[in-house]
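From the sequence below, what's the structure:
(one chain, ligands or ions: 3)
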Amino acid sequence: MARAIVLVIDSFGIGHAPDAADFGDISANTFANLARYFYQHEKREIKLTNLAKMGLVQAAFEAGKCTFPVVKQAPEQGAFGYAAEISTGKDTPSGHWEMMGVPVLFDWDYFPKEGNAFPTDLIEKINQATGYDGILGDCHASGTDIINKLGQAHIKSGLPICYTSADSVFQVAAHEEHFGLDNLYKYCETVRELLGDMNVGRVIARPFIGNSPEDFTRTGNRRDYSVLPPAPTVLDVFTQAGGHVISVGKIADIYAHQGISEKTKATGIDALVDATISHINTAQDNSLIFTNLVNFDQDYGHRRDPVGYALALESFDLRLPEIISAMNEDDVLFLTADHGCDPTWHGNDHTREYVPVIAFHKQVRSVNIGERNTFADIGQTIAELFKLDKMPYGTSFLSDLDL
Ligand SMILES: O=P(O)(O)O[C@H]1O[C@H](CO)[C@@H](O)[C@H]1O
Ligand SMILES: [Mn+2]
Ligand SMILES: [Mn+2]
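Numbers count the residues shown, from 1 in each chain. Ligands and ions are numbered 1, 2, ... in the order given. Sure, this is the predicted structure:
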């Protein structure tokens, strides 16, 4: 029985989605715009030979209805296409849950952009339960900007920095040593409970270290407290049928630990790829190895760093042959993303985009699977691959894979 490997290049959008106007994201295109910026500033085309051989560049040209500077390489092997999202939001849980068969069709609760972000009565309850006198922040912010701005006041006052974004999130930044990591996790767990009926997707612990804005650094000890997906995902169906799901990186957190058999955390793209390869080397048959490469989003997309994003893509591309050579003959590799985060876009939030849908195994030919109406096509394909019951959303493209 085959194994599947799913790699999520977090935030790697490839062209504005059909409903991008509803999000103010017309013309956002993470891949095309970072490639153009890279060409202008670095005076060379971005080189993604292995991804291009799988059809990723061709899929991006079609999704974005444009070409852009990238070293030419025709598709050689792999199914390639692009998918739109039917979930209401362009956040990480929505994108991930939808790709595993459960789109988010309800509206999340979001915190306002003007004035204080968090309701006074909520903060009072949090203060009472945690024993702190108040919070710092209480606004929309970039996570790195706000620790630079308030990090020293936080160290002095001992009060946590609470902030949000265009996503449905309550984020808490605190110093790993002064505030303490366990204390931060406990604080976030309390906030999660006190949010009660509010439909807030995630409470996120954002620990950092350092002494001044010059050296404040966020650590790999981020932790996400997600609400449960609204219905069983293909991960739940698969594990209940005896399958083994291995989470690499923040996958387990994103699915609120539902349908996960085993988890490995790692910090940085190379370490996440290393952990993925080591699981490919050892995972039993009937396993799904599921990796989220958060750094593309967290370190480059939100930080609006197109050159950093491009260089990280190039170095990830160079690791694909290692991943492929670790795969067995009947293993299937899926490459996709959960939303866009165009590093050339205004602000610092995600962008509503098509995501790439690539499926590869050692005998597959090059096949264009075109535009997909929902990320759930991936989950439906996985359901069919593992002979599970059909999921309520998505169309399988397994028959295009010559398996
Ligand atoms: O600016 P940072 O803290 O990285 O926050 C980003 O990370 C959050 C969760 O992915 C998003 O909602 C976005 O605001
Ligand atoms: Mn994401
Ligand atoms: Mn993000």
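
all contacts plus neighbour counts: C-alpha atoms, from now on.
Fine.

what about residue 106, neighbour count?
Using other C-alpha atoms under 10 Å, residue 106 is surrounded by 11 other residues.

hang on, I meant residue 212
Applying other C-alpha under 10 Å, we find 15 residues neighbouring residue 212.

was I right about it contacting residue 150?
No - if you go by C-alpha atoms under 8 Å, residue 212 and residue 150 don't touch, sitting 9.9 Å apart.

Look up how far residue 254 lies from whatever residue of the stretch 1-150 of the chain ends up closest to ligand 2.
Closest approach between the stretch 1-150 of the chain and ligand 2, counting by C-alpha to the ion: residue 92, at 3.8 Å. Distance, residue 92 to residue 254, by C-alpha to C-alpha, to the nearest Å: 8 Å.

what residues does the stretch 51-200 of the chain put near ligand 1?
Counting by C-alpha under 6 Å from any ligand atom, the residues of the stretch 51-200 of the chain close to ligand 1 are 142-143, 165, 167, 169.

In CSV, list these along with distance to ligand 2 and neighbour count.
Output for those, formatted as CSV (distance: C-alpha to the ion, whole Å; neighbours: other C-alpha atoms under 10 Å):
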residue, distance to ligand 2, neighbour count
142, 15, 16
143, 15, 22
165, 13, 21
167, 10, 20
169, 12, 23
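
which among those gets closest to residue 99?
residue 167 (18.2 Å; C-alpha to C-alpha).

Quick check: that closest one is in a helix.
No - applying DSSP: H, G, I helix; E, B strand; the rest coil, one finds residue 167 to be coil, outside a helix.

Can you get me a residue count around the nearest residue to it once chain neighbours are set aside?
Of all residues not flanking residue 167 in the chain, residue 91 sits nearest, at 5.9 Å (C-alpha to C-alpha, 6 or more residues apart in numbering). By other C-alpha under 10 Å, 22 other residues sit near residue 91.

secondary structure class for the residue in the stretch 251-400 of the chain that ligand 2 sits nearest to?
Nearest to ligand 2 in the stretch 251-400 of the chain, going by C-alpha to the ion, is residue 338, at a distance of 5.5 Å. At residue 338 the chain is in coil, as set by three-state DSSP.

could you list every residue that touches the residue of the stretch 1-150 of the chain closest to ligand 2?
The neighbours of residue 92, taking C-alpha atoms under 8 Å, 6 or more residues apart in numbering as the test, are 254, 338-339.

Point out the residues in the stretch 51-200 of the chain that sit beside ligand 2.
residue 92 (C-alpha under 5 Å from the ion).

Strands along the stretch 51-200 of the chain, start to end?
Assigned by DSSP state E, counting those that start in this stretch, the stretch 51-200 of the chain shows strands spanning 78-83, 136-140, 161-164, 169-175.

would you turn those strands into a markdown table with mean pLDDT and distance to residue 195?
Shown next, in a markdown table, are the strands of the stretch 51-200 of the chain (pLDDT from 0 to 100; distance: least, C-alpha to C-alpha, whole Å):
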| stretch | mean pLDDT | distance to residue 195 |
| --- | --- | --- |
| strand 78-83 | 98 | 33 |
| strand 136-140 | 98 | 15 |
| strand 161-164 | 98 | 14 |
| strand 169-175 | 98 | 9 |
